[in-house]
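Undergrad: Just to be clear, the model below is a prediction. Sequence and coordinates:
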Amino acid sequence: MATTTDHRITAAVSLQDASRTYGSGSTAVKALDRVSVDFVPGTWTAVMGPSGSGKSTLLHCAAGLERLDAGHVWLHDTDITHASEQQLTALRRERIGFVFQNFNLISALTAEQNVALPLKLAHADWEAATVHRALAAVGLSGRLGHRPRELSGGQQQRVAIARALVTRPDVLFADEPTGALDSRSAADILALLRTVADDGQTIIMVTHDPAAAARADATVFLRDGRVVDQVVGADASTLADHLVALEA
Ligand SMILES: Nc1ncnc2c1ncn2[C@@H]1O[C@H](COP(=O)(O)OP(=O)(O)OP(=O)(O)O)[C@@H](O)[C@H]1O
């Protein structure tokens, strides 16, 4: 993987002329179409846009889960565009955290074991105290031995956030982290993410919900695979108006 000393070193994640097409010929879909965007370190950015606008593709390419057809993805000073599978695996273990809509916890494992898993994979000398601190930070010290089915949806997402943060990743990626939650649990998860961001964690979050995006510091809007707007510090109704205008 290449490194650089140019301006991209100042971004936590940088996409430069990033393109990704699915299919070919008459059925080809340009999910990302020459996207260039920088995500500022220590900042929580929401990604919004109509259905099919490329949000998940952007998130997956930025996190090294999918590859671009053209352009570049930088993680701080590292160009991960052409990283080998082995390098990407190490990157995902050590430098990236990912939170999914449906939590993706391992059902047979306790909360403690779920959170310990990425730490075990990344560090041979991991310590149980690190796992306990991560679960305490999300308010679940009393649930170490609970399995996912014994936890509410909001609690499961807290475990997933603890699991994503336990390796102290450079970037936390979140794909609709409140999409499967009732409004009260969603508000709790957003408050937790706000605390995490205020502690300096870079977060990039895809959401359909303007109320969720309003808790972020900035919002990037996509349409037809392109960045069409970037808004800083807007409230939910302003963000909802932007989204409606893009869907028109
Ligand atoms: N694996 C795939 N194979 C074929 N087409 C795909 C694939 N993944 C995504 N697409 C297409 O790429 C485009 C962008 O998809 P993507 O999931 O990134 O959009 P999105 O904004 O996240 O959508 P949504 O809000 O509905 O989840 C869509 O037209 C989608 O149908």
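TA: Everything's here; your move. Residues are numbered from 1 along each chain as shown.
Undergrad: is the most centrally placed residue in the chain in a bridge, and if so with what?
TA: In the chain, the residue lying closest to the centroid (C-alpha atoms, centre = their mean) is Phe173, at 1.1 Å. The partner list for Phe173 in beta bridges (DSSP bridges) reads Phe98, Ile204.
Undergrad: ok, it to the ligand distance?
TA: 13 Å (C-beta to the nearest ligand atom, to the nearest Å). In this view, the C-beta of every residue, glycine as well, is placed from N, C-alpha and C.
Undergrad: Just confirm that residue contacts Ile204, I think it does.
TA: Yes. Using C-beta atoms under 8 Å, Phe173 makes contact with Ile204 at a distance of 5.3 Å.
Undergrad: Overlap of the contact sets of these two?
TA: Shared contacts of Phe173 and Ile204 (C-beta atoms under 8 Å, 6 or more residues apart in numbering): 59, 62.
Undergrad: re earlier: now do the contacts for the residue nearest to the centre of the chain.
TA: So Phe173 contacts 59, 62-63, 96-99, 203-205 (C-beta under 8 Å, 6+ apart).
Undergrad: go with 10 Å
TA: Residues in contact with Phe173 (C-beta atoms under 10 Å, 6 or more residues apart in numbering) are 13, 47, 59-60, 62-65, 96-100, 164, 202-206.
Undergrad: Where in this structure is the helix or strand with the lowest mean pLDDT?
TA: Lowest mean confidence among the helices and strands of the chain (mean pLDDT, DSSP states H and E): strand 2-3, at a mean of 50.
Undergrad: Is the ligand within reach of the helix or strand following it?
TA: Downstream of strand 2-3, the first helix or strand assigned by DSSP states H and E is strand 13-22. Yes. Residues of strand 13-22 are located near the ligand by C-beta under 6 Å from any ligand atom, namely Tyr22.
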